[in-house]
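Q: Please find the sequence and the predicted model below.
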Number of protein chains: 2
Amino acid sequence: MTRAFNFCAGPAALPTEVLEQARDEMLDWQGRGISVMETSHRNPEFMAVAAQAEQDLRDLLAIPDNYRVLFMQGGATAQFATVPLNLLGKRMSADYLDTGHWSSKAIKEASRYCQVNVAGSSADANYTTVPDASRWRLSTDAAYVHYTPNETIGGLAFVDIPDTGDVPLVADMSSSILSEPLDISRFGLIYAGAQKNIGPAGITLVIVREDLMGFASDACPSLQNYQLVSDNDSMLNTPPTFAWYLSGLVFQWLKRQGGLKAIQALNQRKAGKLYAAIDGSDFYSNPIETAYRSIMNVPFRLADDALNSTFLSESADAGLLNLKGHRVVGGMRASIYNAVPEAAVDALVAFMADFERRYG
Amino acid sequence: MTRAFNFCAGPAALPTEVLEQARDEMLDWQGRGISVMETSHRNPEFMAVAAQAEQDLRDLLAIPDNYRVLFMQGGATAQFATVPLNLLGKRMSADYLDTGHWSSKAIKEASRYCQVNVAGSSADANYTTVPDASRWRLSTDAAYVHYTPNETIGGLAFVDIPDTGDVPLVADMSSSILSEPLDISRFGLIYAGAQKNIGPAGITLVIVREDLMGFASDACPSLQNYQLVSDNDSMLNTPPTFAWYLSGLVFQWLKRQGGLKAIQALNQRKAGKLYAAIDGSDFYSNPIETAYRSIMNVPFRLADDALNSTFLSESADAGLLNLKGHRVVGGMRASIYNAVPEAAVDALVAFMADFERRYG
């Protein structure tokens, strides 16, 4: 069995070591004759798995004590509603930065619950850059400021964490969390669907500053009330236990890789190689302003869109999977999350050069 | 490796064959060199898995064409809010039958969204029976009638499907779905957390009559709007793909067992053996009125609670796991879902007799 090089944007590649452990324990976990997914979440052995996963995450991200870690369900899309349902309190509006597909989705859902002030947007630039912070129109009475540090589809990333003063900063980090060290104290709340850098689809990470909880609206379903979820250690009801377990294995794998500084260096090297291949060619192109290029999601186009299907079929035959770009932007996209090895990038770069030589 | 006999109430035992297939495909699914959990939900190969799971479920339950099958997240607890958020429409109240822990939880959450009329309750009988249908106080203007056909903790089950006339009947079937054939046409909506008879925790099944969709309240998060979820084939956002895949394997396993009539006969035989062992002894007891005993969850008490910890440790040593009863009712509970083999019940009955002989 040969593992393919998998550039899927999500659900994305997981570390082979993690899948091997899950496979080996699938029918007999901890020598108990059952799978980890076949026991109560309140069983002491599972509670230990859950607690260890949280501790490893806290270690990796150096999460301060005044932040709670919640394991929820529903992905980022659920959080698009959960955030305003919890954080508005008595306020009527929130500020959002619009930098692409996912921030637009967050804005649309939030608009159902409050007045959304789009404080900055790069829509006019076709989302190829991050709007200039000096021109943001932040409100003084916003309940929070929301942004998307890494746009998975556009391949656009913020360089700096926005300074929002006393207004809590909320970030959808679905496609960038754990890719590099992070100063959690700059944020009011961070959320992330698991299926890129955390684990399988079906579990959602929320990191929330304690003082922001307790203000859920009357309409908020109990399962989406951060305070209730926190008070019940993310076990207000049965959590997705297998996804939680797998996420814990990924956190342990990340520690074995040397933590987030080491993975950041690797991610920068991987992205650097791929962008160099794109920029060093007239055949491939990436439209994003250089300073704001994502190190996780690298969209690129061929000089001739008529070659797209050939590129996709030949790359798949070469063991390079899931390179098709999102329909919104077209072309190709290589998502190179933590679990995508440098060898995958090397193989892709070599394939791209060979493809250009033959078809360019 | 020996598989233990696992009586967990949930997350519960899964068929060994299903776990073996998942293990064998864990790193190399369909010969593609990736796991099924490492690919996009919109990938044609995964879409086929998702569609096949729905079709197999439709076959098993003979789901009529005017019902939609939704794969959601959040378990039954999420549905406690999702049901009123979707089904109330312009109505202000709903009828609920109160038969134990889980129906009470559903009532509590629904009360946050509407006037709940408790149309019948067996609370006065300590939930050992089902309230007499002739005494239910059903409203004429209720948006729906909600009940819990099988109370997982109490071990109490309805015999008949309630007749609610033109008012849609809503059922929390988390612990009874797929245990026997079911006339879906009697229901407006059925929901079930997966972690008993469907698959791993983290996916939630909803079967809803088409004409009941489209009336979600303004406050309903998009991801909990049945109409939106249905319009997007349960892929409004990334679904829990691995849980969906595993659920599909369970459906295929159920078909191989002969479908729901065959599994019903097996379930009745398993439950019959266990209740016979309890009733044939002065040492063990079950408080539920005989006609309303669950064939899925069998709580029982020892004559002396001081022996509980000895029973639990010795049974675990004998490979009989997770027999501790819920704290609400105490004592023991054997959950004997579809995936718990008859041999497990035979071993438990033999252990119980031996235990009584030594300690009774």
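A: Noted; the coordinates are in hand. Numbering: from 1, shown residues only, chains lettered A, B, ... in the order given.

Q: Doesn't residue A:71 lie inside a strand?
A: Yes: if the criterion is DSSP: H, G, I helix; E, B strand; the rest coil, then residue A:71 is within a strand.

Q: what's around it, how many residues?
A: As a burial measure, the neighbour count of residue A:71 was computed by other CB atoms under 10 Å in any protein chain shown and equals 24. Heads up, the C-betas are built off the backbone N, CA and C, glycines and all.

Q: ok, residue A:91 - how many residues close by?
A: When neighbours are defined as other CB under 10 Å, residue A:91 has 17 of them.

Q: Which parts of chain A are helices?
A: Assigned by DSSP state H, the helices in chain A fall at A:16-24, A:44-61, A:75-87, A:101-110, A:226-231, A:241-256, A:259-279, A:308-317, A:342-359.

Q: Show me what the first one packs onto, helices and strands only.
A: With contacts taken as 3 or more CB pairs under 8 Å, 6 or more residues apart in numbering or on different chains; DSSP states H and E, helix A:16-24 sits against helix A:241-256.

Q: so how far is the helix it packs on off the chain centroid?
A: Using CA atoms, centre = their mean, to the nearest Å, we find the averaged C-alpha position of helix A:241-256 to lie 15 Å away from the chain's own average C-alpha position.

Q: Likewise for stretch A:78-85?
A: 16 Å.

Q: Give me the contact list for it.
A: Applying CB atoms under 8 Å, 6 or more residues apart in numbering or on different chains, the external contacts of stretch A:78-85 come out as A:72, A:74, A:94, A:105-106, A:108-110, A:112-114, A:143-144, A:146, A:170, A:172, A:189, A:191, A:204, A:206, A:216-217, A:219-220, A:224, A:226, B:73, B:221-223, B:237.

Q: Can I have the buried ones of these as a PyMOL selection?
A: The PyMOL command for the buried members of these (criterion: 16 or more other CB atoms under 10 Å in any protein chain shown) is given here:
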select buried, (chain A and resi 72+74+94+105+106+109+110+112+113+114+143+144+146+170+172+189+191+204+206+216+219+220+224+226) or (chain B and resi 73+221+222+223+237)
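
Q: Of the contacts of stretch A:78-85, which belong to strands?
A: Using DSSP state E to define strands, the subset of the contacts of stretch A:78-85 located there is A:72, A:94, A:146, A:170, A:172, A:189, A:191, A:204, A:206.

Q: which of the helices of chain A sits most buried?
A: helix A:75-87 (a mean of 26; mean count of other CB atoms under 10 Å in any protein chain shown).

Q: pull the CA atoms of that one into PDB?
A: These are the backbone C-alpha positions of helix A:75-87, laid out as PDB (Å, rounded to 0.1, in the frame of the first residue of the first chain):
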ATOM      1  CA  GLY A  75     -18.000  23.200  11.800                       C
ATOM      2  CA  ALA A  76     -17.300  26.900  11.100                       C
ATOM      3  CA  THR A  77     -20.700  27.300   9.500                       C
ATOM      4  CA  ALA A  78     -22.400  26.500  12.800                       C
ATOM      5  CA  GLN A  79     -20.200  29.100  14.400                       C
ATOM      6  CA  PHE A  80     -21.300  31.700  11.900                       C
ATOM      7  CA  ALA A  81     -24.500  31.800  13.900                       C
ATOM      8  CA  THR A  82     -23.200  30.700  17.200                       C
ATOM      9  CA  VAL A  83     -20.800  33.700  17.500                       C
ATOM     10  CA  PRO A  84     -23.500  36.400  17.200                       C
ATOM     11  CA  LEU A  85     -26.000  34.300  19.300                       C
ATOM     12  CA  ASN A  86     -23.400  34.300  22.100                       C
ATOM     13  CA  LEU A  87     -21.400  37.500  21.800                       C
END
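
Q: and it with helix A:101-110, angle?
A: Using axes from the mean of the first three to the mean of the last three CA atoms, to 10 degrees, the interaxial angle of helix A:75-87 with respect to helix A:101-110 works out to 40 degrees.

Q: Off-centre distance for helix A:75-87?
A: If you compare the mean C-alpha spot of helix A:75-87 with that of the full chain, they lie 15 Å apart, counting by CA atoms, centre = their mean.

Q: neighbours of residue A:135, just the number please.
A: For residue A:135, the neighbour count with other CB under 10 Å is 8.

Q: contacting residues for it?
A: residue A:120.

Q: what do you get for residue A:152?
A: By CB under 8 Å, 6+ apart, the contact set of residue A:152 is A:9-10, A:101-102, A:174-175, A:196, A:296-297, A:335.

Q: cutoff 10 Å now
A: Contacts here follow CB atoms under 10 Å, 6 or more residues apart in numbering or on different chains; on that basis residue A:152 touches A:9-10, A:12, A:76, A:100-102, A:172, A:174-176, A:193, A:196, A:294, A:296-297, A:299, A:326, A:333, A:335.

Q: ChimeraX command to pick out the buried ones of these?
A: Selecting in ChimeraX just the buried members of the contacts of residue A:152, where the criterion is 16+ other CB under 10 Å, is done with this command:
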select /A:9,10,12,76,100,101,102,172,174,175,176,193,196,294,296,297,299,326,333,335
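
Q: Which ones, among the contacts of residue A:152, also lie beside chain B?
A: A:9-10, A:12, A:76, A:174, A:193, A:196, A:326 (CB under 10 Å from any CB of the partner chain).

Q: Just the ones of these in strands?
A: residue A:193.

Q: May I see the ones next to chain B among the contacts of residue A:152 organised as JSON lines, with pLDDT added?
A: As requested, the ones next to chain B among the contacts of residue A:152 are arranged in JSON lines below (pLDDT from 0 to 100):
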{"residue": "A:9", "pLDDT": "97"}
{"residue": "A:10", "pLDDT": "96"}
{"residue": "A:12", "pLDDT": "98"}
{"residue": "A:76", "pLDDT": "98"}
{"residue": "A:174", "pLDDT": "98"}
{"residue": "A:193", "pLDDT": "97"}
{"residue": "A:196", "pLDDT": "98"}
{"residue": "A:326", "pLDDT": "93"}
